[in-house]
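J.: Sequence plus the predicted model coming up.
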Amino acid sequence: MANRTPRLLLTSLWTKLRLLMLLPLAALQAGCSGVFFFPDRVTYVTPDSLNLEYEDVYLETADGETLHGWWLPAKDPGTAKGTVYFLHGNAQNISSHIFNVAWLPAEGYNIFTLDYRGYGRSTGAPDIEGALHDVETGMRWLGSQPEVRDGPVFLLGQSLGGALGIPLAGEWVERGEEPGLDGVILDGTFSGFRGIAREKLGSVWLTWLLQIPLSWTIPAEYEGIDRIDDISPVPVMVIHSVRDGIIPFHHGRDLYRAAEEPKEFLQTDTPHASTFVIPAYKKSLLNFLAEATK
């Protein structure tokens, strides 16, 4: 990734109410240096309470932070179909987002997920450059695991996780890094940091006039809509709900249109980041994973 420098991050928002309360305050008090992550350090659930085997993983970043993650092996590790690297959304931490992938070990997939700096048991404070370094640190750890190198590897990013995953995957593919990616799944992801900034700032009267100048302070080099074509020829699956009240449907549509083949679009009908409560959507993901490795 690029050299580590503090940056502004506008992410998907936990709720519209929090946007209305926090966005004007951040914009007016912090100006162009406002940070729009919503981490916490509460442990909501651990994998063992969901009858899942797991290991705690601690990783050191190049700039001195410690990241915490979970490794969840497939139910039958000896016959694992592959590994899914799960990048979660912008609120809370992995202990609340684990439900989105807790069903995959029973389907034969290893899961690795980590908390970005400032989330859960990870040290530091979040920002866009830091989070990008964190997700790359996690990817490199995966490459050091023998059980991962021997099988397919997929990246699944939800909301903010997808926005971080696009530049990571694009650079990973361009550089020919190992482990190679066999597929990228983006669920409820916004098409660009600047675009979502303008939408959210423009929806609140206190910040309506600031939507253009404040959006210019966001780094332009990580816009998903400009980077998603770098992932080709790795297959991409874009998932977006017509009922997503946090990230409007057009973001998923725009990302899909900007992606190169091979690609697939799954239109869903659930609230934001609730895709995998529906069995049919789980099946669509499993079909994508299977087809991507044929």
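T.: Received, thanks. Treat the numbers as computed from the prediction; the structure is a model and nothing was measured.
J.: Quick check: the gap between residue 125 and residue 37.
T.: Remark: distance between residue 125 and residue 37 (Cβ to Cβ, to the nearest Å) = 8 Å. Where C-beta positions appear, they are placed from N, C-alpha and C, glycine not excepted.
J.: Which neighbours do those two have in common?
T.: Shared contacts of residue 125 and residue 37 (Cβ atoms under 8 Å, 6 or more residues apart in numbering): residue 118.
J.: so the closest residue to residue 252 other than its chain neighbours is in which element?
T.: In this structure, residue 252 finds its nearest non-sequential neighbour in residue 240, 2.4 Å apart by Cβ to Cβ, 6 or more residues apart in numbering. Per DSSP states H and E: residue 240 is located in strand 236-241.
J.: Against which helices or strands is that strand packed?
T.: strand 183-187, helix 249-258, strand 263-268, helix 279-292 (3 or more Cβ pairs under 8 Å, 6 or more residues apart in numbering; DSSP states H and E).
J.: tell me the mean pLDDT for the second one?
T.: Per-residue confidence for helix 249-258 averages out to 98 on the pLDDT scale.
J.: circling back: quick one: which of residue 125 and residue 37 has more around it?
T.: The residue with more neighbours, out of residue 125 and residue 37, is residue 37; 21 against 12, by other Cβ atoms under 10 Å.
J.: Surely the more buried one and residue 124 touch.
T.: No: applying Cβ atoms under 8 Å, one finds residue 37 not in contact with residue 124, separated by 11.2 Å.
J.: what's the overlap in contacts for these two?
T.: Joint contacts of residue 37 and residue 124 (Cβ under 8 Å, 6+ apart) are residue 118.
J.: Low-confidence ranges, the stretch 151-294 of the chain, go.
T.: 197-198, 200-219 (pLDDT under 70).
J.: One more pass at 90, please.
T.: 192-222, 294 (pLDDT under 90).
J.: what's the answer for the stretch 1-150 of the chain, then?
T.: When residues are selected by pLDDT under 90, those of the stretch 1-150 of the chain lie in 1-37, 77-78, 127-129, 147, 149-150.
J.: so where do the strands sit in it?
T.: 38-39, 55-60, 66-72, 82-87, 91-92, 109-114 (DSSP state E, counting those that start in this stretch).
J.: Now these in a markdown table, please, with extra columns for distance to residue 142 and mean neighbour count.
T.: Converted to a markdown table, those look like this (distance: least, Cβ to Cβ, whole Å; neighbours: other Cβ atoms under 10 Å):
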| stretch | distance to residue 142 | mean neighbour count |
| --- | --- | --- |
| strand 38-39 | 23 | 18 |
| strand 55-60 | 10 | 13 |
| strand 66-72 | 9 | 21 |
| strand 82-87 | 6 | 26 |
| strand 91-92 | 23 | 20 |
| strand 109-114 | 6 | 25 |
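J.: could you dump these to JSON lines with distance to residue 132?
T.: Converted to JSON lines, the strands of the stretch 1-150 of the chain look like this (distance: least, Cβ to Cβ, whole Å):
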{"stretch": "strand 38-39", "distance to residue 132": "16"}
{"stretch": "strand 55-60", "distance to residue 132": "15"}
{"stretch": "strand 66-72", "distance to residue 132": "13"}
{"stretch": "strand 82-87", "distance to residue 132": "11"}
{"stretch": "strand 91-92", "distance to residue 132": "19"}
{"stretch": "strand 109-114", "distance to residue 132": "13"}
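J.: Out of the ones you listed, flag the one nearest residue 271.
T.: Residue 271 sits nearest to strand 91-92 of all the strands of the stretch 1-150 of the chain, at 13.5 Å, using Cβ to Cβ.
J.: Let me see the contact set for the closest residue to residue 183 other than its chain neighbours.
T.: Sequence neighbours aside, residue 292 is the residue nearest to residue 183 in space, at 3.8 Å (criterion: Cβ to Cβ, 6+ apart). Residues in contact with residue 292 (Cβ under 8 Å, 6+ apart) are 152, 154, 182, 183, 235.
J.: Helix or strand: which one has the most centrally placed residue in the chain?
T.: Taking Cα atoms, centre = their mean, the centroid of the chain lies closest to residue 161, which sits 1.1 Å from it. According to DSSP H and E, residue 161 maps onto helix 160-175.
J.: and that helix, what does it pack onto?
T.: strand 82-87, helix 128-143, strand 153-158, strand 183-187, helix 224-227.
J.: Can you say which of the ones you listed is packed in most?
T.: strand 183-187 (a mean of 28; mean count of other Cβ atoms under 10 Å).
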